[in-house]
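**Q** how does the following fold in three dimensions:
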Amino acid sequence: MKRFLIIIACLIELTAFLDLHEAAADSAPSILIELNEWLTKIEGENIEFVFKDLSGPITRKKCDNPIHFYFTNTSRRVIKAECEGQWRRFIKVPERIHLAKLSKDLIPNGQHDLNAYVLTADVSKGLKITEGMLDSIRSSRSIPTNAFTEISQLDDLYLQRDKKRGDILISEDLDTSKIVVVPVVILPSGSPLDTNTLIEITKFSGVPPDYISSIASLRYMELSKTVGVGEIVRTRHLRKAKLMRRNELVTIYSISNNFSIETKAIALSDGYLGERIKVKNPESNKIITARVVGYGLLSLN
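**A** From the prediction side, this is the model:
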């Protein structure tokens, strides 16, 4: 009888454990479900994350679209989870999963048939890459997730850093040529910017993301620091130019369908493009507000 009661008690505990496990599975965060579906798709084996592998805010993250997952490098120890346009997080791969012999040829989204390319010789930055400089490779060796795979897009791509023979070409290694603006003389802080001191040239590498692409776009701007000969002019080098100074005589105009008027006034403060400042009519002493639209020029419109 005692043995029978012990068996019944064990069955009750087992039932409670199974119910608890099932409840936990039902309440699994959606990111855990999607993560395991992605792992299963690319790996084809029963390797999965469990609830305790994820913790903190990531378990509460929601996404209106499917979450994208991919390994951040060839060691496959970190997974990047990205909800396009909303958020991105990094997930550390538990040691037990890493030791489960994940495939050596993992490529994002299960695209195992994509080629990557290696250089057939040492190449210096700034050189245009052609198909003849590359050899294709497949999953016979580890391929980075950011490997360059679209060889058909080599029309105007230039190497952005020195590379050695046998190096795998990655997307960050390549960029198109850019038209940039550089000074022909040293320009101190506060210098005006025009075709007398600047030229436009084509650069094939080393172009910063905030480069200026045309001299025309620099109208009403000036330098906030000294820029040397041949140095690429960047947004961070610029500030609005002072288009009028306090107590300076300026021109105000107003245009309508039937008439236009123009008069002189005295600026009561310094003025920058688009700014509204007060000016005084020197004859009537009347003070009005107008918008700065050019050097010594304001509009009432």
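
**Q** give me the element residue 291 is part of.
**A** Residue 291 belongs to strand 287-294 when assigned by DSSP states H and E.

**Q** what's the following helix or strand after that strand?
**A** strand 297-299.

**Q** buried residues in that next one?
**A** By 16 or more other CB atoms under 10 Å, the buried positions in strand 297-299 come out as 297, 298. The C-beta positions use only the backbone N, C-alpha and C, and glycine is treated the same way.

**Q** domain map for this protein?
**A** 2-109, 113-176, 178-240, 244-299 (automatic domain parsing).

**Q** follow-up on the earlier one: strand partners (parallel or antiparallel) of the strand holding residue 291?
**A** Neighbouring strands of strand 287-294 in its sheet, by DSSP bridges, are strand 276-280 (antiparallel), strand 297-299 (antiparallel).

**Q** buried stuff in the first one?
**A** For strand 276-280, burial by neighbour count (16+ other CB under 10 Å) applies to 277, 279.

**Q** can you start the count at 27 instead of 1 from here on
**A** New numbering, starting at 27: the last item is strand 302-306.

**Q** show me what secondary structure element comes after the helix or strand residue 280 falls within.
**A** Per DSSP H and E: residue 280 is located in strand 275-281. Downstream of strand 275-281, the next assigned helix or strand under DSSP H and E is strand 286-293.

**Q** what about dumping the CA coordinates of that following strand to CSV?
**A** The C-alpha trace of strand 286-293 is given here as CSV (Å, rounded to 0.1, in the frame of the first residue of the first chain):
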residue,chain,number,x,y,z
SER,A,286,7.2,95.3,-55.4
ILE,A,287,9.0,97.6,-53.1
GLU,A,288,12.6,98.0,-51.9
THR,A,289,14.0,100.1,-49.2
LYS,A,290,17.0,100.5,-47.0
ALA,A,291,17.2,99.8,-43.3
ILE,A,292,19.6,99.3,-40.5
ALA,A,293,20.1,95.8,-39.1
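
**Q** report the distance from it to the chain centre.
**A** For strand 286-293, the separation from the chain centroid amounts to 46 Å (computed by CA atoms, centre = their mean, to the nearest Å).

**Q** mind putting the domains of the chain into JSON lines with mean pLDDT?
**A** Shown next, in JSON lines, are the domains of the chain (pLDDT from 0 to 100):
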{"stretch": "domain 28-135", "mean pLDDT": "67"}
{"stretch": "domain 139-202", "mean pLDDT": "84"}
{"stretch": "domain 204-266", "mean pLDDT": "93"}
{"stretch": "domain 270-325", "mean pLDDT": "89"}
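
**Q** what number of residues lie near the closest residue to residue 204 other than its chain neighbours?
**A** Once flanking residues are discounted, residue 204 sits nearest to residue 233: 4.5 Å by CB to CB, 6 or more residues apart in numbering. Residues contacting residue 233 under the criterion other CB atoms under 10 Å number 20.

**Q** then residue 173?
**A** For residue 173, the number of neighbouring residues by other CB under 10 Å comes to 20.

**Q** grab the nearest non-local neighbour of residue 108.
**A** The shortest distance from residue 108 to any non-neighbouring residue, by CB to CB, 6+ apart, is to residue 114 (4.3 Å).

**Q** scratch that, residue 252 is what I was asking about
**A** Sequence neighbours aside, residue 214 is the residue nearest to residue 252 in space, at 5.0 Å (criterion: CB to CB, 6+ apart).

**Q** thought residue 250 was touching that neighbour, still the case?
**A** No - with contact defined as CB atoms under 8 Å, residue 214 and residue 250 do not form a contacting pair (10.7 Å).

**Q** who has more neighbours, those two?
**A** Each of residue 214 and residue 250 has its neighbours counted (other CB under 10 Å); residue 250 has more, 13 against 10.

**Q** can I assume that one is in contact with residue 263?
**A** Yes - the criterion here is CB under 8 Å, and residue 250 meets it with residue 263 at 6.1 Å.

**Q** overlap in contacts of the two?
**A** Common contacts of residue 250 and residue 263 (CB atoms under 8 Å, 6 or more residues apart in numbering): none found.

**Q** the nearest residue to residue 200 once chain neighbours are set aside: how many residues sit nearby?
**A** In this structure, residue 200 finds its nearest non-sequential neighbour in residue 183, 4.4 Å apart by CB to CB, 6+ apart. Residue 183: 19 surrounding residues under other CB under 10 Å.

**Q** which residues does residue 183 contact?
**A** 154, 155, 200, 201, 202.

**Q** scan those residues and report the most crowded one.
**A** residue 155 (21 neighbours).
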